[in-house]
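**Student:** Prediction below, plus the sequence it came from.
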Amino acid sequence: MNVQTPPEKLKAKDYATDQEVRWCPGCGDYAIVRAMQNTMEQLQAPPEKTVFISGIGCAARFPYYMATYGFHTIHGRAASIATGTKLANPELDIWVISGDGDALSIGGNHLMHVLRRNVDLQYILFNNEIYGLTKGQYSPTSKVGTRSPSTPLGSVDNPLSATEYALGCGARFVARGIDTQQKHLPDVFKRAHAHRGASFVEVFQNCIVYNNGVYDHFTDKSVAADQQIVCENGQPLTFGAGGDKGLRLVSGKMELEIVTVGENGVTEEDVLVHDETNKMMAHLLAAMRSPAFPTAIGVLYCDPAPTYEAAVHEQLASEKEKKPNTDLNTLLRQGSTWTVD
Amino acid sequence: MEGSTPLSVDDPSRQEVDDVVVRFAGDSGDGVQITGGQFTLTTALAGNDLSTFPDFPAEIRAPAGTTFGVSAFQIHFGSREIRTAGDAPDVLVALNPAALKVNIQDLDKGGLIIADKGAFTDRNLKKAGFDVNPLENDSLGDYRVIDIDITKSTLDAVKELGLSQKEAVRCKNMWTLGLVYWLYGRDRQPTIDFLNDKFKNRPEISGSNIAALNAGHAFGETMEVSGETSAYKVSAAEIAPGLYRTVTGIDALSWGLVTAAQKAGLRMTFAGYPITPASAILHTLSKLKQFDVVTFQAEDEIAAVCAAVGGSYAGTLGVTASSGPGVALKTEAIGLAISVELPLVIINVQRAGPSTGLPTKTEQSDLYQAVYGRNADSPLPVVAARSPADCFDAVIEATRIATKYMTPVMLLADGYMANASEPWLIPDVNDIGEMKVAFHTDPRDFHPFTRNDETLARVWAIPGTPGTEHRIGGIEKSYSTGNISYEPENHQKMTDVRKKKIDDIAEDIPEQKVELGKDSGDLAVLGWGSTYGPINRAVQRVRADGLKVSHIHLRHIWPLPKNLVALLNNFNKVLIPEMNTGQLITVIRSEYLIPAQGLNKVSGQPFKVSEVDAAIRGHLE
């Protein structure tokens, strides 16, 4: 009985549901869902094995628009639910969709633990530096001075860097993308998908209503070339319209500087080559802030390690081999027993 | 020692007694719990019925000799049916002054104290708050006291075996056990076997402990010969024939879960976070991986319940266990499971509260939390276990309901039954009904909230199944498509159907039976949870005096059995003893408008039979 015969090759639109999308017109989330559907097509991801799990927030609506399995859960807890789902069925390919409030405020603890455990899933954090769904309060990634309904005089607390947090939590894969970059973003998603273990991706996402233009200083076309650096493993860390700017370690200091090849005796050999297995380098790249430095996007860090669910199931398999008897009557009769006649 | 002749110091022969309560008490480092465990096993092997109550200090390593570092283990055993761990000890074993100080007020006049004189040093007396040594004045005049320098006798007994002083002193619990074995004519062999096995790689330790055990026993024999103290005999009880073991509530819950999962044909995802007194379920299950149990120690209580929900979403039996404060944290995720209609078993091993309360003491004050404690209209079934062994059946019933009705189910246990042990007629698992779960795999006309006409349960379609891809979430869903719906009429309909689904479970649970007595009379004593023992024994006693009293004990707190109201209305009065300030009584009054009366106790200790007995008589005066 073949009720639904999947087409030979799935197209991006086959990964879209018939549900009306409920994001504000012009929201960066439209671009991200499109990039994800394109990623699905490129991966030819089997819809029945693909699961999108989200918490609460604008981003958390995402699963409703993906024609796969999806679970829209509660605020901050998607990582924990996803961990249970992955432990229950390691065959599933799980994407956690979150936002800056969901992932870093109410769910900061769970993000930490899913990353340090290295559960094999992709954790995509849509960072718009604001609470959108609750109508515009500042978030843990909002810059100091952000005026919002809850901070009319400007926020006074320091923001968190999502990427640096992920590195600090022990994530083995950390990457960044920008919502509107429809060619680059699917590449980042595919790298995240290829990495076995917890893959953390921060997507800079514009909230057109409550925080419009918050990333213009490095995403606007007029400055993008000088304010973004695309990290590619094994390639020199160069950027700029002419590709002649580069990053160099300052001699004797643990810090980066911007150099121009051909000026002041700087040659191509002086420019740092990206090594995505070098965690120190990932920290330096993640800490760069526009406009003083370009904002690093792409795969900042990838250094795979054994995954949590694999280790759990290895223990389980080994116990089953050692203790093949799963007869309950035997279990209940182990230890001291006595008979009453 | 009800129904027995008083202890007599004059008669050197063994006196027959019906039932005895012995309390071992000492410093947390004195091995009191092991001593109690060994006495329990030996007593069970002797054919007595029994019930135990371990009472641990809250501190892990309380300073030695202090009152708050006292650990105790009480066992009630007899030649008749034993329902409780006993109201008051007949024998108190006090291994130091603090143990005497903390426990002496529970001992009835004429009770026997066995005290280690050697531990009653100035320093220990001071720590326990004694100005003068109670063994050396007449403050214990109401009791019979055997004061022996157990410490010295133990050192003498083991000196040949080359232990350090510290290790040698640690054998004093076995010396004491030997003496109590003599007192009740118990066989030492099971304990000798236990020691040989436990210390099989350290023969000097097992040898010393055995030597101490034998020396304590020999000391008793000497006393007997000299006529100082008589020994007792407790004959075997009339117990249903079959194979028995002792079981704690923690064991029974863990094994019950494994059994339930196997009967349901499901693997299990158990997620917990360390909390007293529930953690031991996580410990026990983590040693049962061969039964397809994944155990997950989560980063917090919320993550634990969420991982269990995630496990159920993926088609395993999601289970989490905690105690009241932890369950409070899980509340939002339980609401999610109610909304998305996924099975989930939540075990609450209740403890005294509010807040941190008394983590190692028992209470049953989370009934409101279980029945009412969530935002919005979010009903879920609540099942209560009544004794250590009963936890096994209760958790299987919870799982049956959870999987059949696609709902979270709360199982209420408590700290008392979790740690206490009782003999258990081991069931034949083949006699337990199958409750196989079938996942939905047919993509035709599929939507995730398609319901079973009879149970109203939605279909369980799990990720990995081709053709049934779907999205679920905590937002309200359309009754007819499962998609998000903000329609007012739809929310009314979905709220109504969620309520009806749970209410109708009343049709699928056994009718309420009367535990003891007739199904009508002057007074019904209605209980739930671990008050079972004291209520049952008290009702036995008052019935023996001709009072028309019956004991009714609930397994199902929500929904209530459908015949319960008619049953309660057959009695002139209803008395509800609870270890809280009156929670079941609220439910009964509000559901049935019955003017039930409460008997309430929140001291962190179980009810005494005498307390329930007195309350019953009081209500019938």
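**Tutor:** Received, thanks.

**Student:** list the buried ones in stretch B:161-178?
**Tutor:** Neighbour counts using 16 or more other C-beta atoms under 10 Å in any protein chain shown place B:161, B:163, B:167-178 of stretch B:161-178 among the buried residues. The C-beta positions use only the backbone N, C-alpha and C, and glycine is treated the same way.

**Student:** what does the stretch 51-200 of chain A have sitting close to chain B?
**Tutor:** A:51, A:53, A:63-64, A:66-74, A:77, A:79-89, A:91-92, A:109-110, A:112-113 (C-beta under 8 Å from any C-beta of the partner chain).

**Student:** Same list, the buried residues of stretch B:161-178, but as JSON lines with pLDDT and distance to B:Gly249 please.
**Tutor:** Putting the buried residues of stretch B:161-178 into JSON lines (pLDDT from 0 to 100; distance: C-beta to C-beta, whole Å) gives the following:
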{"residue": "B:Leu161", "pLDDT": "91", "distance to B:Gly249": "38"}
{"residue": "B:Leu163", "pLDDT": "92", "distance to B:Gly249": "36"}
{"residue": "B:Glu167", "pLDDT": "93", "distance to B:Gly249": "33"}
{"residue": "B:Ala168", "pLDDT": "95", "distance to B:Gly249": "35"}
{"residue": "B:Val169", "pLDDT": "93", "distance to B:Gly249": "33"}
{"residue": "B:Arg170", "pLDDT": "94", "distance to B:Gly249": "29"}
{"residue": "B:Cys171", "pLDDT": "96", "distance to B:Gly249": "31"}
{"residue": "B:Lys172", "pLDDT": "95", "distance to B:Gly249": "30"}
{"residue": "B:Asn173", "pLDDT": "96", "distance to B:Gly249": "24"}
{"residue": "B:Met174", "pLDDT": "97", "distance to B:Gly249": "27"}
{"residue": "B:Trp175", "pLDDT": "97", "distance to B:Gly249": "31"}
{"residue": "B:Thr176", "pLDDT": "97", "distance to B:Gly249": "27"}
{"residue": "B:Leu177", "pLDDT": "97", "distance to B:Gly249": "24"}
{"residue": "B:Gly178", "pLDDT": "97", "distance to B:Gly249": "30"}
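
**Student:** Can you tell me which of those residues is closest to chain A?
**Tutor:** B:Leu177 (16.1 Å; C-beta to the nearest C-beta).

**Student:** ok, the closest one to B:Ser226 distance?
**Tutor:** 21 Å (C-beta to C-beta, to the nearest Å).

**Student:** Check B:Ser4 and give its pLDDT.
**Tutor:** pLDDT recorded at B:Ser4 is 40.

**Student:** now swap in A:Pro6 and tell me
**Tutor:** 58.

**Student:** can you check B:Pro12 too?
**Tutor:** On the pLDDT scale, B:Pro12 gets 51.

**Student:** just the helices in chain A please.
**Tutor:** For chain A, applying DSSP state H gives helices covering A:28-43, A:78-88, A:100-101, A:108-117, A:162-168, A:184-194, A:216-219, A:221-227, A:279-286, A:308-322, A:328-332.

**Student:** circling back to that earlier point, just the buried members of the residues of the stretch 51-200 of chain A next to chain B?
**Tutor:** A:51, A:53, A:63-64, A:66-74, A:77, A:79-89, A:92, A:109-110, A:112-113.

**Student:** Just confirm B:Pro274 contacts B:Asp300, I think it does.
**Tutor:** No - judged on C-beta atoms under 8 Å, B:Pro274 makes no contact with B:Asp300 at a distance of 10.2 Å.

**Student:** residue contacts, the residue nearest the centre of chain A?
**Tutor:** By C-alpha atoms, centre = their mean, chain A has its centre lying nearest to A:Val201, at 2.3 Å. Contact analysis of A:Val201 by C-beta atoms under 8 Å, 6 or more residues apart in numbering or on different chains lists A:122-125, A:174-177, A:188-189, A:192.

**Student:** Tell me where chain A has strands.
**Tutor:** A:50-54, A:69-72, A:93-99, A:121-127, A:173-178, A:198-204, A:228-231, A:238-239, A:245-249, A:256-260, A:295-302, A:338-340 (DSSP state E).

**Student:** how about those strands, which one is nearest A:Thr17?
**Tutor:** strand A:69-72 (8.6 Å; C-beta to C-beta).

**Student:** Sheet-wise, list the partners of the closest one with their directions.
**Tutor:** strand A:50-54 (parallel), strand B:471-473 (parallel) (DSSP bridges).

**Student:** coming back round to it: could the contacts of A:Val201 go into JSON lines alongside neighbour count?
**Tutor:** Shown next, in JSON lines, are the contacts of A:Val201 (neighbours: other C-beta atoms under 10 Å in any protein chain shown):
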{"residue": "A:Gln122", "neighbour count": "24"}
{"residue": "A:Tyr123", "neighbour count": "27"}
{"residue": "A:Ile124", "neighbour count": "28"}
{"residue": "A:Leu125", "neighbour count": "27"}
{"residue": "A:Val174", "neighbour count": "31"}
{"residue": "A:Ala175", "neighbour count": "30"}
{"residue": "A:Arg176", "neighbour count": "27"}
{"residue": "A:Gly177", "neighbour count": "25"}
{"residue": "A:Val188", "neighbour count": "25"}
{"residue": "A:Phe189", "neighbour count": "26"}
{"residue": "A:Ala192", "neighbour count": "24"}
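
**Student:** since we're on the closest residue to chain A within the stretch 201-350 of chain B, how many residues are nearby?
**Tutor:** With C-beta to the nearest C-beta as the measure, B:Gly310 is the residue of the stretch 201-350 of chain B nearest to chain A, at 2.7 Å. For B:Gly310, the neighbour count with other C-beta atoms under 10 Å in any protein chain shown is 35.

**Student:** Burial check on the nearest residue to B:Trp528 once chain neighbours are set aside, number of neighbours?
**Tutor:** Closest residue in space to B:Trp528, ignoring its immediate chain neighbours: B:Leu554 at 4.3 Å, by C-beta to C-beta, 6 or more residues apart in numbering or on different chains. Neighbour count of B:Leu554, defined by other C-beta under 10 Å: 23.

**Student:** Test my guess that B:Leu554 contacts B:Ala384.
**Tutor:** Yes - under the criterion of C-beta under 8 Å, B:Leu554 lies in contact with B:Ala384, with a separation of 6.3 Å.

**Student:** which neighbours do the two share?
**Tutor:** B:Trp528.

**Student:** The helix or strand where B:Ala72 lies pairs with which strands?
**Tutor:** According to DSSP states H and E, B:Ala72 maps onto strand B:70-78. Strand pairing for strand B:70-78, using DSSP bridges, gives strand B:19-27 (antiparallel), strand B:49-55 (antiparallel).
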